[in-house]
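[1] sequence first, then the predicted structure:
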Amino acid sequence: MKIKPLADHILIEPEVEGEKTKGGILLPENADKGRPEKGKVIAVGPGKKTSSGKVVPMEIKKGDKVLFTKYGPNEIKVDDNEYLIAKQDDILAVIE
């Protein structure tokens, strides 16, 4: 299934980092810290329309690694994959 975000929405694949215990068990980062706060942009919408009908272009592009607000994005599940959909305002920074 293909997802095409609308307006200023961004589809993000969350990055789940983990750490290994001494016994070799991999613990995901969100096991005790909550939701992830960074990920890879999979798709972006065309931009937000102003009241005059102009479209403000997106600053974020497909492939960017981004930091976002912890509870801003909405979680969705598509074909057994988990994604986040955020507004451009929820993006705090691009990781270079």
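    Done, it's in.
[2] switch to C-alpha atoms for all contacts and neighbour counts from now on
    OK.
[3] now the residue nearest to the spatial centre of the chain, which residues is it bridged with?
    By C-alpha atoms, centre = their mean, the mean C-alpha position of the chain lies nearest to Ile12, the distance being 2.9 Å. Beta-bridge pairing for Ile12 (DSSP bridges): Val41, Leu84.
[4] now do it against Lys54, distance only.
    Here Ile12 is placed at a distance of 25 Å from Lys54 (C-alpha to C-alpha, to the nearest Å).
[5] just to revisit the earlier point, thinking the residue nearest to the centre of the chain is in contact with Leu84, fair?
    Yes: counting by C-alpha atoms under 8 Å, Ile12 does reach Leu84; the two are 5.0 Å apart.
[6] in this protein, which helix or strand is least confident?
    Ranking every helix and strand in the chain by mean pLDDT, DSSP states H and E puts helix 30-33 at the bottom, with a mean of 52.
[7] could you pull out the strands for this structure?
    Counting by DSSP state E, residue ranges of the strands within the chain are 9-14, 18-20, 26-28, 38-44, 48-49, 55-56, 65-68, 74-78, 81-87, 91-95.
[8] I'd like those strands laid out as CSV, including mean pLDDT.
    As requested, these are arranged in CSV below (pLDDT from 0 to 100):
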stretch, mean pLDDT
strand 9-14, 96
strand 18-20, 60
strand 26-28, 63
strand 38-44, 97
strand 48-49, 94
strand 55-56, 94
strand 65-68, 96
strand 74-78, 93
strand 81-87, 95
strand 91-95, 96
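[9] with distance to Lys2 added, can I get those strands in CSV?
    Shown next, in CSV, are the strands of the chain (distance: least, C-alpha to C-alpha, whole Å):
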stretch, distance to Lys2
strand 9-14, 11
strand 18-20, 28
strand 26-28, 27
strand 38-44, 10
strand 48-49, 21
strand 55-56, 23
strand 65-68, 20
strand 74-78, 9
strand 81-87, 12
strand 91-95, 22
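[10] which one of those lies closest to Met1?
    Of all these, strand 74-78 sits nearest to Met1, with 7.4 Å by C-alpha to C-alpha.
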